[in-house]
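> any chance you could fold what I've pasted below:
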Amino acid sequence: MTQPLHPPLDRPARRREIVETARNIAAEQGWPAVTVRAMAARIGCSAPAIYQYFRDKDAVLEALAEDGRALLAANLDEAVAGQSGAGKKLRATIRALWAFSEVNRELYAVIFGLDGLAPHRGARDGLAPSGMIRLAAEFLDKRGNPETAGDLADRLMATAHGFICVAAADDFPGGRDKAFDLLMLTVEALLKGVVRHN
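Presented below is the predicted three-dimensional model:
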């Protein structure tokens, strides 16, 4: 008896294949091209077969966003490794967020809701990743400042996100490099504006 050329994938492997296929289509053609039919065609199965693994397209996007959030967290952790001081770490985090949005545009879009997608940030209420909130807490604690860490982190994140969105649309006067330079100047102003309390 001959073995099939391509043995069937187990359930976790098939789910992984579907998620990676969605990401690949988005990276190549943009998120509007990611449909259940397109994923099925790329994988070589029927569209209803996708529903054996995910309830709908949004569940695929949530799984992809979960991967993206894990990769982003790892990138942010790597960016602050070896840095001393919460201020330097916060600046490094913003630079790493910018780099992530450039290298992993499709993941950034699905996490934060670009290209017509709803955000898939997870169950937390804030905009900023949890690592940024921890650094903001450290930064504020050193200054005895009563502002909440979540508020400072969200202000930094909203600032970065705004610059990232405008730059991603190729709509920033002076281009992406200018957008990044102005982002870092704005972050510097925000951090310097945190008043030290005794």
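> other SSEs contacting the helix or strand of the chain with the lowest mean pLDDT?
Sorted by mean pLDDT, DSSP states H and E, the helices and strands of the chain end with helix 130-143, the least confident at a mean of 90. The contact analysis (3 or more C-beta pairs under 8 Å, 6 or more residues apart in numbering; DSSP states H and E) places helix 130-143 against helix 57-80, helix 86-103, helix 149-168. For glycine as for every other residue, the C-beta is placed from the backbone atoms N, C-alpha and C.
> so for the first one, mean pLDDT?
Helix 57-80 comes out with an average pLDDT of 94.
> quote the end-to-end distance of stretch 165-179.
10 Å (C-alpha to C-alpha, to the nearest Å).
> what lies in contact with it?
Outside of stretch 165-179, the residues within contact range by C-beta atoms under 8 Å, 6 or more residues apart in numbering are 101-102, 105, 114, 163, 180.
> and the two most separated of the residues you listed?
Leu114 and Phe180 (17.3 Å; C-beta to C-beta).
> any idea how far Ala168 is from the residue nearest to the spatial centre of the chain?
In the chain, the residue lying closest to the centroid (C-alpha atoms, centre = their mean) is Tyr108, at 3.7 Å. Plainly put, Tyr108 is 8 Å away from Ala168 if you go by C-beta to C-beta, to the nearest Å.
> pLDDT value on the residue nearest to the centre of the chain, please?
Tyr108 is assigned a pLDDT of 95 by the prediction.
> do Gly122 as well
You'll see Gly122 listed with a pLDDT of 69.
> likewise for Pro4?
Looking at Pro4, its pLDDT is 42.
> got it, and the one 4 residues further on?
The predicted local distance difference test score for Pro8 is 57.
> next, the distance between the ends of stretch 100-114.
14 Å.
> now do the buried residues in stretch 82-94.
With burial defined by 16 or more other C-beta atoms under 10 Å, the residues of stretch 82-94 counted as buried are 86-87, 89-94.
> which one of those residues is nearest Asp67?
The closest of the buried residues of stretch 82-94, once distances to Asp67 are taken by C-beta to C-beta, is Thr93, at 19.8 Å.
> show me this protein divided up by domain.
For the chain, automatic domain parsing gives the domain ranges 1-54, 66-192.
> go through the ones you listed and pick out the most buried.
Burial of the domains of the chain is given as mean neighbour count (mean count of other C-beta atoms under 10 Å); domain 66-192 ranks first at a mean of 17.
> between the two ends of that domain, how far is it?
33 Å.
> re the thing from before, got the angle for the least confident helix or strand of the chain vs helix 149-168?
Between helix 130-143 and helix 149-168, the angle comes out at 130 degrees (axes from the mean of the first three to the mean of the last three C-alpha atoms, to 10 degrees).
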